[in-house]
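K.L.:
Okay, structure incoming, though there's no sequence with it:
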């Protein structure tokens, strides 16, 4: 279902006529004939198309003058009439007399903006009616679930809503806003431009998760990508990075609500989930769990653990989350478990490309960062040479569109999983390679991973031996401190 335009149809007795204003349509066309250079710009800025006009003669005439404007032709009553005659469309608009009458019935082109707004509003009303009729028809004949139909209806109505505003923003305001941010930084304000992940080493590179961005965290199975994502969620909802708690929406297509809650509870409390499942809980650990419950129960996490979601269903649920809870971050675990019904018949690669594009559109639509977990192919495990197990952007599974759509791509690996790796003996080392960063540098981030508590922490220079900087760097830093 799409907000397609409504063609004029014969109206039977007792049936209501679709919303339109013949006088406003004549006013727009007459204003174009009087002052084409100015009014056509206003029409294009107001996103007027031929479908915006309800009456067929008006549609035909606007289509012709729009094409003439695009080609740079002179537009007046004489040139338009001649063009219509050459295209054999003059009779469809009522002849040359009808064109002249448009000018006679328009007192001035100064009110063109007012006429354009009326035509546009009536077109929006017809589009809404068309969308509602399609939804009604789907409810009666479609075998799809009610949730699926609702998601399509929301998407169709949202598409209409997005067309209400022009695409051209104020460049002057954009420059002023940017300079205000620069002055804030120069005056000692925080440099971080996005939501902090809570991991200083990672935030130093990506500068936080920025609104409208799609951040992909990819790894092979059992590397801890879900654990890292949930650690980030915990940091965001508790305000660890900047002491500003924020609500987060989580779509878990792989793990259940109970499993995620248990993992986060044990991680925050520092209690082994495995030992807890076997019944080994000391009084001290019980106290830690009780304290963790008091903290996490106040966290604003909207969790949806529905499996096998269609991407359009996910977008509809995300919009409802935003409307109800004003979420500021969305986490999807994970991309390859989503489906796209409309592209399923075209193969998995194109289906994944559709899913990836929709997730990027979701980030821009809701103006929040979307953290998407993704699987990698087996290529890192089959790779030989000096760096076994090291993933590349080309290893993203199912489609290269993921790499293209993402603003940031983080590839995670744990050297201990690969015996051939030079750092195999470092049991806690986890490396997050920021392989793509649309708005900044790339590079590797070294973290500690405690497998027992599924907890990631920053790896600090001089504290963790494996992450200690070379001696010449230490000497340089000491020399700078002395000076």
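P.N.:
Perfect, thanks for sending it. Since the structure is predicted, the reported quantities are computational estimates derived from the model, not experimental observations.

K.L.:
Which elements pack onto the helix or strand harbouring residue 122?
P.N.:
According to DSSP states H and E, residue 122 maps onto helix 112-141. Here helix 112-141 is seen to pack against helix 22-34, helix 36-45, helix 146-162 when contacts are counted using 3 or more CB pairs under 8 Å, 6 or more residues apart in numbering; DSSP states H and E. (C-beta placed from N, C-alpha, C; glycine too.)

K.L.:
What are the boundaries of the helices in the stretch 151-300 of the chain?
P.N.:
Under the criterion DSSP state H, counting those that start in this stretch, helices of the stretch 151-300 of the chain are mapped to 171-186, 200-206, 225-238, 257-269, 273-277, 283-296.

K.L.:
which parts of the fifth one are buried?
P.N.:
In this case it means helix 273-277. 273, 276 (16 or more other CB atoms under 10 Å).

K.L.:
hang on, the earlier thing: between the helices and strands packed on helix 112-141, which one is closest to residue 56.
P.N.:
Residue 56 sits nearest to helix 22-34 of all the helices and strands packed on helix 112-141, at 11.0 Å, using CB to CB.

K.L.:
now the angle between helix 112-141 and that closest one, please.
P.N.:
Put simply, helix 22-34 runs at 130 degrees to helix 112-141, going by axes from the mean of the first three to the mean of the last three CA atoms, to 10 degrees.

K.L.:
Give me the distance between the two termini of stretch 327-343.
P.N.:
29 Å (CA to CA, to the nearest Å).

K.L.:
Let me see the mean pLDDT of that stretch.
P.N.:
For stretch 327-343, the mean pLDDT works out to 86.

K.L.:
before we move on, what about stretch 427-445?
P.N.:
Per-residue pLDDT values over stretch 427-445 give a mean of 88.

K.L.:
Of the helices of the stretch 151-300 of the chain, which is nearest residue 154?
P.N.:
For the helices of the stretch 151-300 of the chain, proximity to residue 154 was assessed by CB to CB; helix 257-269 is nearest, at 23.7 Å.

K.L.:
where does the nearest residue to residue 436 once chain neighbours are set aside land in three-state SS?
P.N.:
Distance criterion CB to CB, 6 or more residues apart in numbering; nearest residue to residue 436, sequence neighbours excluded, is residue 409 at 4.0 Å. Using DSSP: H, G, I helix; E, B strand; the rest coil, the secondary structure recorded for residue 409 is strand.

K.L.:
quick one: contacts for residue 409?
P.N.:
Each residue near residue 409 by CB atoms under 8 Å, 6 or more residues apart in numbering is listed here: 215-216, 218, 393, 396, 402-403, 434-436.

K.L.:
farthest pair in those residues?
P.N.:
Across those, no pair lies farther apart than 402 and 434, at 15.3 Å, counting by CB to CB.

K.L.:
more neighbours, these two?
P.N.:
Using other CB atoms under 10 Å as the criterion, residue 402 and residue 434 rank with residue 402 on top: 26 against 19.

K.L.:
What backbone torsions are found at that one?
P.N.:
Backbone torsions of residue 402, given as degrees, to the nearest 10, read phi -60, psi -50.

K.L.:
and it, how far is that from residue 247?
P.N.:
Distance of residue 402 to residue 247, given as CB to CB, to the nearest Å: 26 Å.

K.L.:
What's the local residue count around residue 119?
P.N.:
By other CB under 10 Å, the residues close to residue 119 number 24.

K.L.:
ugh, typo on my part, it should be residue 350
P.N.:
By other CB under 10 Å, 16 other residues sit near residue 350.

K.L.:
is it fair to say it lies in a helix?
P.N.:
Yes - under three-state DSSP, residue 350 falls within a helix.

K.L.:
excluding its backbone neighbours, what's nearest it?
P.N.:
Nearest to residue 350 is residue 343, by CB to CB, 6+ apart, at 5.3 Å.

K.L.:
Hmm, residue 354 and that neighbour touching each other?
P.N.:
Yes - between residue 343 and residue 354 a contact is recorded at 4.0 Å, counting by CB atoms under 8 Å.

K.L.:
follow-up on the earlier one: report pLDDT for the residue nearest to residue 436.
P.N.:
pLDDT, residue 409: 91.

K.L.:
got it, and residue 320?
P.N.:
Looking at residue 320, its pLDDT reads 83.

K.L.:
And for the residue nearest to residue 350, the neighbour number?
P.N.:
By other CB under 10 Å, 19 other residues sit near residue 343.

K.L.:
So residue 247 versus residue 121, what's the distance?
P.N.:
Relative to residue 121, and taking CB to CB, residue 247 is found at 35 Å.

K.L.:
more crowded one of those two?
P.N.:
residue 247 (18 against 14).

K.L.:
if I pick that one, what's in contact with it?
P.N.:
Residues near residue 247 by CB under 8 Å, 6+ apart: 237, 300-302, 325-328.

K.L.:
residues touching residue 412, list them.
P.N.:
Each residue near residue 412 by CB under 8 Å, 6+ apart is listed here: 217-219, 223-225, 228, 430-433.

K.L.:
Top of the residues you listed by number of neighbours, please.
P.N.:
Greatest neighbour count in these, by other CB under 10 Å, goes to residue 218: 28 neighbours.

K.L.:
if you skip the residues just before and after it, what's nearest to that residue?
P.N.:
residue 374 (4.2 Å).

K.L.:
what's the distance between the one you found and residue 357?
P.N.:
From residue 374 to residue 357 the distance is 14 Å (CB to CB).

K.L.:
Please tell me how far the residue nearest to the spatial centre of the chain sits from residue 325.
P.N.:
Centroid check for the chain by CA atoms, centre = their mean gives residue 363 as the closest residue, at 1.9 Å. As judged by CB to CB, residue 363 and residue 325 stand 17 Å apart.

K.L.:
mind checking which helix or strand of the chain has the lowest mean pLDDT?
P.N.:
Least confident helix or strand of the chain, by mean pLDDT, DSSP states H and E, is helix 471-482 with a mean of 39.

K.L.:
Correct me if wrong, but residue 58 is in a strand.
P.N.:
No - Residue 58: not assigned to a strand; according to three-state DSSP it is helix.

K.L.:
Find the nearest non-adjacent residue to it, please.
P.N.:
Excluding the flanking residues, the one nearest residue 58 by CB to CB, 6+ apart is residue 25, at 4.7 Å.

K.L.:
show me the contacts for the one you found.
P.N.:
The contact partners of residue 25, taken as CB under 8 Å, 6+ apart, are 53-55, 58, 115, 119.

K.L.:
again, only this time at 10 Å
P.N.:
By CB atoms under 10 Å, 6 or more residues apart in numbering, residue 25 lies in contact with 52-55, 57-59, 61-62, 102, 115, 118-119, 122.

K.L.:
In the stretch 251-400 of the chain, where is pLDDT below threshold?
P.N.:
Applying pLDDT under 70 to the stretch 251-400 of the chain flags residues 384-388, 398-399.

K.L.:
residues in contact with the closest residue to residue 248 other than its chain neighbours?
P.N.:
The shortest distance from residue 248 to any non-neighbouring residue, by CB to CB, 6+ apart, is to residue 329 (4.6 Å). Listed by CB under 10 Å, 6+ apart, the contact set of residue 329 reads 194-195, 197, 209, 211, 215, 232-233, 236-237, 246-250, 368-371.
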